[in-house]
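[1] Return a 3D structure for these sequence lines:
(one chain, ligands or ions: 1)
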Amino acid sequence: MSRVVYVNGSYVPEDQGKVSIFDRGFLFADGVYEVTAVVGGKLVDYDPHMERLERSLKEIEMSWPCSKAELRQMHEELIKRNKLDEGIIYMQVTRGSADRDFKFPKETKSTLIAFTQVQKLLDNPYAVTGVKVVTIPDIRWARRDIKSVMLLAPVLGKQRAYEQGAFEGWMIEDGKITEGTSSNAYIVKDGRVITRALSNSILAGCTRRMLFRMAKEHGVTIEERLFTPDEAYAADEAFLTSASNFVLPIVEIDGKRIGGGQPGPTVRKLREIYLDEVRAQAGV
Ligand code: PDD
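    The predicted model follows:
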C-alpha cells in the first residue's frame, strides 16, 4: 500500500517522505503531535485536537508551523488523496533542523509532517470482547499534559504490557493510576465513572472531553479523583479512551477479572452514545 504523505508543504508518495537527520524531532524529541480519528472520510472532534496542539506548542515555546486554516486543509487533503474512509491522521511538528545544540536554534523553520493510517474504529472487535491491561510504573517526565513526541516510556510500557498478553499498560505513580500508555483510564463503581482529574500528570484526552459532555447529557455521573490498583480490581467495570479506540471496555486488570470478564452495561452505553456522536459528526 502506498500512501501520499505530507512533508513541509508537499504531498509526496510515502517512500519519498523524508526529513533531515538534523531534525530536532529526531535528535531531541523536540516536538509535539496529534492523532485525529477519521470516520466516513470526515475528521472526528477536530477542533479540540487543534486547541490541544495550540497549548502544546505554547508550552514548549514553538509557533504554529502554518495557519490554522492551512492545517485543516492539509488534514482534509490527506483524507482525499488517500481515499481514507476510516482510520487516523497523525501529525507532528518539530522545532526544525539545525546543528545539534540543546538550546533553541535561531530562525529555524519548524518541520511539519502528517500521514494517514487505515484502522477500523467503529467495528472494533475488542469493543465486543473487552481487553486486558496490566499495571506498570509511570516512569515518564513531569509534563504529561504536553503531547510531546518523547514517547520512550510509553513505548517500553506498551511493550511490557504486550509481552504479558495485555492490550494496554496502566501506569502507577505514588500508588495511584495515572493513565494508559496511550489512553486515559477509568473505572466504574455503583454506576459512577471514576477517572483522575486533569493536571500535569496526564494528557487531557479529547475523547475524554467529548465523553464527559456525552455522559452529562445522558445522566451518567463522572467523579474526578485518584484511584488505586486495588480499587480498580474491585471495580464493577473499567475502560479506556483515546482517539484511536474511542471507548474500549477492559475486562481484566493484572490477571483479575473485572465485571465477570465481560464488558458491563455502563461502558457499553458510553461506547454507544459516543459512537452516536461520532456518526452524527461524520454523517454516516
Ligand atoms: N494517544 N493519554 C495518553 C498518554 C495518550 O497518549 C493519549 C492519546 C490519550 C488520549 O487522548 P485522546 O483521547 O485525545 O486521543 C491519553 C494517541 C492516540 C497516540 O499517541 O496514538
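
[2] what secondary structure does the nearest residue to Arg268 once chain neighbours are set aside sit in?
    In space, and not counting its chain neighbours, Arg268 is closest to Pro249: 7.2 Å by C-beta to C-beta, 6 or more residues apart in numbering. For glycine as for every other residue, the C-beta is placed from the backbone atoms N, C-alpha and C. Of the three states, Pro249 takes strand under DSSP: H, G, I helix; E, B strand; the rest coil.

[3] residues contacting whichever residue of the stretch 1-150 of the chain sits closest to the ligand?
    Of all residues in the stretch 1-150 of the chain, Val35 sits closest to the ligand, at 4.1 Å by C-beta to the nearest ligand atom. Contact analysis of Val35 by C-beta atoms under 8 Å, 6 or more residues apart in numbering lists His49, Ile88, Ile89, Tyr90, Ser242, Ala243, Ser244.

[4] so which of those are also by the ligand?
    Ser242, Ala243, Ser244 (C-beta under 6 Å from any ligand atom).

[5] Tell me how many other residues crowd the last one.
    Meaning Ser244. When neighbours are counted by other C-beta atoms under 10 Å, Ser244 registers 18.

[6] now the protein, which segments are flagged as low pLDDT?
    The chain contains residues with pLDDT under 70 at 1.

[7] What are the contacting residues of whichever helix in the chain runs longest?
    Secondary structure assigned by DSSP state H gives helix 265-282 as the longest helix of the chain. For helix 265-282, the external contacting residues (C-beta under 8 Å, 6+ apart) are 37, 39-42, 44-45, 121-122, 127, 188, 191, 193, 207, 210-211, 214-215, 217-218, 220, 236-239, 246-249.

[8] Repeat the analysis, applying 6 Å as the threshold.
    With C-beta atoms under 6 Å, 6 or more residues apart in numbering as the test, helix 265-282 has contacts from 39-40, 42, 44, 127, 188, 214, 218, 237, 239, 246-247, 249.

[9] now the ones next to the ligand among the contacts of Val35 in TSV, with distance to Thr108?
    Converted to TSV, the ones next to the ligand among the contacts of Val35 look like this (distance: C-beta to C-beta, whole Å):
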residue	distance to Thr108
Ser242	32
Ala243	29
Ser244	31
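
[10] just to revisit the earlier point, considering the contacts of helix 265-282, which possesses the most neighbours?
    Going by other C-beta under 10 Å, Phe239 tops those with 32 neighbours.

[11] Where does that residue fall, secondary structure wise?
    In the assignment (DSSP states H and E), Phe239 maps to strand 237-242.

[12] the inter-axis angle of that strand versus helix 265-282?
    Orientation of strand 237-242 against helix 265-282 (axes from the mean of the first three to the mean of the last three C-alpha atoms, to 10 degrees) gives an angle of 20 degrees.

[13] now the closest residue to Pro65 other than its chain neighbours, what's its secondary structure?
    Once flanking residues are discounted, Pro65 sits nearest to Leu112: 4.0 Å by C-beta to C-beta, 6+ apart. Following three-state DSSP, we place Leu112 in the strand state.

[14] surely Leu112 meets Val93?
    Yes - between Leu112 and Val93 there is a contact at 5.0 Å, judged by C-beta atoms under 6 Å.

[15] So if I had to pick from the two, which one is more boxed in?
    For Leu112 and Val93, the more surrounded residue by other C-beta under 10 Å is Val93, and the numbers stand at 26 against 22.

[16] Quick check: the residue nearest to Arg268 vs Pro105, distance?
    As judged by C-beta to C-beta, to the nearest Å, Pro249 and Pro105 stand 46 Å apart.

[17] ditto for Glu76
    Counting by C-beta to C-beta - Glu76 and Pro105 are separated by 31 Å.

[18] For the stretch 51-200 of the chain, what lies in contact range of the ligand?
    Near the ligand, when you scan the stretch 51-200 of the chain using C-beta under 6 Å from any ligand atom, you find Glu179, Ser182, Ser183, Asn184.

[19] can we see that at 8 Å?
    By C-beta under 8 Å from any ligand atom, the residues of the stretch 51-200 of the chain that approach the ligand are 52, 88, 90, 144, 147, 151, 154, 179-184.

[20] which among those end up buried?
    52, 88, 90, 144, 147, 151, 154, 179-184 (16 or more other C-beta atoms under 10 Å).

[21] Now go through those residues and say which are in strands.
    Counting by DSSP state E, the part of these found in strands is Ile88, Tyr90, Glu179, Gly180, Asn184.
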